[in-house]
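Asker: Need coordinates for the following:
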Amino acid sequence: MPDTLTLTVSLRGTREVRENYQLFRLAGLLDAFSEPTFRKVLDKFVEEGPPNFILDLSQIDFVDSSGLGALVQLVKKAQSAGGTLQIITNPRVTQTVKLVRLEQFLSLQTSVDVAIENLKKS
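Answerer: Numbering: from 1, shown residues only. Below is the predicted model:
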């Protein structure tokens, strides 16, 4: 059963912990307003483990430079904990990420199933 996360009025979602990964399904806005809370909550979950993260951002309406910065920091924290971060996007989020040429670094995936399969291969 997923845990409900209410990060801010504009950002909410769920968290599921599996054997070797955490799956977050987020909806709303990942922007300057929600970014500090997003970063604080996700940093705590990196420490709790498991260190592999799948972020389903397919229901995110908007991401700005603050949100992108938080995602970059989350990748670095997951990697330093021995894990990975994969992001499922929608066309709007993908376009924003590609504008700043971070699509490889942020490991964009087409679906949660693809991200889970990637973990099985590694």
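Asker: just checking, residue 81 touches residue 52?
Answerer: No: Residue 81 is beyond contact range of residue 52, at 9.3 Å (criterion: CB atoms under 8 Å). (Each C-beta comes from the backbone N, C-alpha and C, glycine too.)
Asker: okay, those two: which has more neighbours?
Answerer: residue 52 (23 against 15; other CB atoms under 10 Å).
Asker: mind checking how far the more buried one is from residue 33?
Answerer: 28 Å (CB to CB, to the nearest Å).
Asker: correct me, but residue 94 touches residue 106?
Answerer: No: using CB under 8 Å, residue 94 is not in contact with residue 106; the gap is 9.9 Å.
Asker: How about the contacts made by residue 100?
Answerer: Contact partners of residue 100, counting by CB atoms under 8 Å, 6 or more residues apart in numbering, are 65, 68.
Asker: ah, wrong one, I meant residue 30
Answerer: Contacts of residue 30 by CB under 8 Å, 6+ apart are 11, 38, 57, 60, 62-64, 66-67, 70-71.
Asker: and if we set it to 7 Å?
Answerer: Residue 30 is in contact with 11, 38, 60, 63, 67, counting by CB atoms under 7 Å, 6 or more residues apart in numbering.
Asker: so which strand or helix has residue 68?
Answerer: For residue 68, the host element (DSSP states H and E) is helix 65-80.
Asker: Need the contact partners of the next helix or strand after that helix.
Answerer: Helices and strands here follow DSSP H and E; after helix 65-80, the next one along the chain is strand 85-88. For strand 85-88, contacts defined as CB under 7 Å, 6+ apart pick out 53-58, 71, 74-75, 78, 106-109, 111-112, 115, 118.
Asker: Please flag which of the residues you listed sit within strands.
Answerer: Filtering these for membership in strands, criterion DSSP state E, returns 53-58, 108-109.
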